[in-house]
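# just coords:
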């Protein structure tokens, strides 16, 4: 899904990185957001709605709408569309609103 | 607590232009933006801009931030301070700005003058299935394609034939993605007709008086039902058309991001022609709060060209009101006539109408 | 109607079409811009002074076809990609259409392509005579197509024969 040749832009990809999504290893490039990296890997369903469990993905992709919230490493409710992907990130679908009360 | 002379919230075309205008007057400027790089929505605009050759006509949007930043580097000389990855969270009664710096620490800023240039966010369209993955705002499609070099999908239904819908359809084709059709609820194309002509000769149908009835798909978008509308914007029974697409791109308008202005207590008015709630402001781009100015899409939904001129005006007066008033009359006259020129033609009618309704309740300053 | 379809009406195109006499003299620019929008870079692109001074930035561009030498500098300056250079004097059978083409891959010299009209419909077979993609054109390459002479005012873009284009 990545664009190889473009008439206007010369895409300079960063260093390759690997991260996991629900335990599955995915390859990406530094400089991409987690949302972009997941999308390039064909992952469109990022969560499920609280009551009816309807599949959800991102909408605005620039940090405004809160559609893309996921668990990244130990943090819940991360806006993955504005979060850069890092080597070794553990990205998971979160259940509901996530547990935001830190265990001391 | 940081105490810059002028703080500008938002580093898109309006904010960058305001910063340049203000440093040219001699003021010290802190420009705060939530993104890792400046430019706002300009970084996705691969097409050549319209407007005046004196400004940035025929220059690609993606090349404009570089030019503005180069000028800021040269003319700002120690007086221009960009603060990136920092989200402004609040503007309080005492004129203090609270910002979240890189999601690590709180930052308090008390500027003497503040310019809010926070732009706009995408409108949503209600229809069954609009929450399916694959229903994306036009900005999202642009971000994926033009910033990250990733195809949004394989076949797109574009909803909206304003400038954004037309331009993003063209950009989708440049990215190697098929556009099944552009649909528009109104009986006419809303964007510049040359954009429409460009996509028509690439074989994309434009269906005016059409709307989306529903999106369907198991885990993500697999298709959409569209239908025709009569002159009362009501669906015509039996006119349903099934479009097999995996992306539905909504380009149905923008709303000014006025949260900080509400909090600050600026008077705002609901003016549909300008995009929704917009702040009352005078010709100096000053709100009903003396020390607060606005520019760009947050002031009214328009084009990047006008955003840049509004930014120049806001920056000029934020600086002049601090005493940096060299050539203020001459520059104000020049900027105002540029803005009037951009809005003078038939395509500026909506904005002129909206602004005249807004000024029906004149701003107090 | 242009406002409904995005396709210029024949009467509109006729108004900006040069005379047959002018066509016979050599290449000439044609500006298919029919809406008053704030935009003026074409006026500054012309070195011959053929694009008249704008009184107001919203004016439609007017080309003096006698002053125009068909050099094509204006083609890649138009943000609307609405300017074409036509050479109806190229040969007895063929005319040339120089058009802006911002897609990859660019066609190659001598390639046979399909000439398409403003509705994206196939008009005729066309031959790529030249492809210009210099730095000065700032990523708006200009493709020169040889088409049957009677189609010079219809062909406005191209489709590769076979292979993927525009995502299809």
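That came through, no problem. What you see is a predicted model, and the numbers here were worked out from it, not measured in a lab. Numbers count the residues shown, from 1 in each chain, chains lettered A, B, ... in the order given.

# quick one, strands of the chain?
Just going to use chain A. For chain A, the strands defined by DSSP state E cover A:16-21, A:24-29, A:47-48, A:55-56, A:69-72, A:75-79, A:90-92.

# try again with chain C
Along chain C, counting by DSSP E, strands occupy C:28-31, C:83-87, C:94-100, C:112-116, C:122-132, C:142-148, C:157-160.

# Figure out which of these is closest to residue A:28.
Taking C-beta to C-beta, strand C:157-160 is the member of these nearest to residue A:28, at 32.0 Å. Every residue, glycine included, has its C-beta placed from N, CA and C.

# re earlier: as CSV, the strands of chain C with mean neighbour count, mean pLDDT and distance to chain B would be great.
Formatted as CSV, the strands of chain C follow (neighbours: other C-beta atoms under 10 Å in any protein chain shown; pLDDT from 0 to 100; distance: least, C-beta to the nearest C-beta, whole Å):
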stretch, mean neighbour count, mean pLDDT, distance to chain B
strand C:28-31, 23, 97, 10
strand C:83-87, 24, 97, 10
strand C:94-100, 22, 97, 9
strand C:112-116, 18, 96, 6
strand C:122-132, 17, 96, 10
strand C:142-148, 22, 97, 13
strand C:157-160, 22, 94, 5
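
# for residue B:70, phi and psi?
Main-chain dihedrals, residue B:70, degrees, to the nearest 10: phi -60, psi -40.

# Run a quick neighbour tally on residue 58.
I'll assume chain A. Residues lying near residue A:58 (other C-beta atoms under 10 Å in any protein chain shown) number 30.

# To clarify, I was referring to chain B.
21.

# Kindly report the same for residue B:152.
So residue B:152, with other C-beta under 10 Å, has 23 neighbours.

# Show the backbone phi and psi for residue B:246.
Dihedral pair for residue B:246: phi -110, psi 0, per degrees, to the nearest 10.

# ok, it touching residue B:221?
Yes: if you go by C-beta atoms under 8 Å, residue B:246 and residue B:221 touch, sitting 5.5 Å apart.

# Distance check, residue B:78 against chain C.
According to C-beta to the nearest C-beta, to the nearest Å, residue B:78 stands 33 Å off from chain C.

# you'd agree that residue is in a helix?
No: counting by DSSP: H, G, I helix; E, B strand; the rest coil, residue B:78 is not part of a helix but coil.

# quick one: it and chain A, what's the gap?
30 Å.

# Chain neighbours aside, what residue packs nearest to residue B:164?
Nearest residue to residue B:164 in three dimensions, chain neighbours excluded: residue B:251, at 4.4 Å (C-beta to C-beta, 6 or more residues apart in numbering or on different chains).

# pLDDT score for the one you found?
Note on residue B:251: pLDDT of 97.

# quick one: it from residue A:32, how far?
Relative to residue A:32, residue B:251 is positioned 24 Å away (C-beta to C-beta, to the nearest Å).

# right, and the helix or strand after the helix or strand hosting residue B:165?
Applying DSSP states H and E as the criterion places residue B:165 in helix B:163-174. The helix or strand immediately downstream of helix B:163-174 is strand B:178-184, counting by DSSP H and E.

# What lies in contact with the helix holding residue B:165?
Applying C-beta atoms under 8 Å, 6 or more residues apart in numbering or on different chains, the contact partners of helix B:163-174 are A:6-8, B:45-47, B:138, B:141-142, B:145-146, B:152, B:156, B:158-159, B:178-179, B:182, B:184, B:189-192, B:195-196, B:198-199, B:202, B:204, B:249, B:251, B:254, B:303, C:102-104, C:166-167.

# One more: stretch C:54-63?
B:51-52, B:341-342, B:344-348, C:16, C:29-31, C:33-40, C:42-43, C:50-52.

# ChimeraX command for the buried members of those?
Listed next is the ChimeraX selection for buried residues among the contacts of stretch C:54-63, using 16 or more other C-beta atoms under 10 Å in any protein chain shown:
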select /B:51,52,341,342,344,345,347,348 /C:16,29,30,31,33,34,35,36,37,38,39,40,42,43,50,51
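
# Over to residue B:144. Which of the three states is it?
Classified using three-state DSSP, residue B:144 is helix.

# Might you enumerate the residues of chain A proximal to chain C?
Contact residues, chain A versus chain C (C-beta under 8 Å from any C-beta of the partner chain): A:5-8.

# Just the buried residues out of those, in ChimeraX syntax.
If you want just the buried ones from the residues of chain A next to chain C in ChimeraX, going by 16+ other C-beta under 10 Å, the selection is:
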select /A:6,7,8
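
# among the residues of chain A next to chain C, which are within reach of chain B?
For chain B, the contacts drawn from the residues of chain A next to chain C by C-beta under 8 Å from any C-beta are A:6-8.

# all helices in chain A, in order from the N-terminus.
Ranges of helices within chain A are A:34-40, based on DSSP state H.

# Same question for chain B.
With helices called from DSSP H, chain B shows them at B:13-25, B:64-76, B:138-142, B:163-174, B:193-200, B:259-264, B:304-320, B:328-343, B:349-358.

# Run through who's touching stretch B:258-271.
Here stretch B:258-271 makes contact (C-beta under 8 Å, 6+ apart) with B:9, B:88, B:90-93, B:116, B:118, B:276-280, B:287-289, B:292, B:294, B:298, B:300, B:354, B:357-358, B:361, B:363-364.
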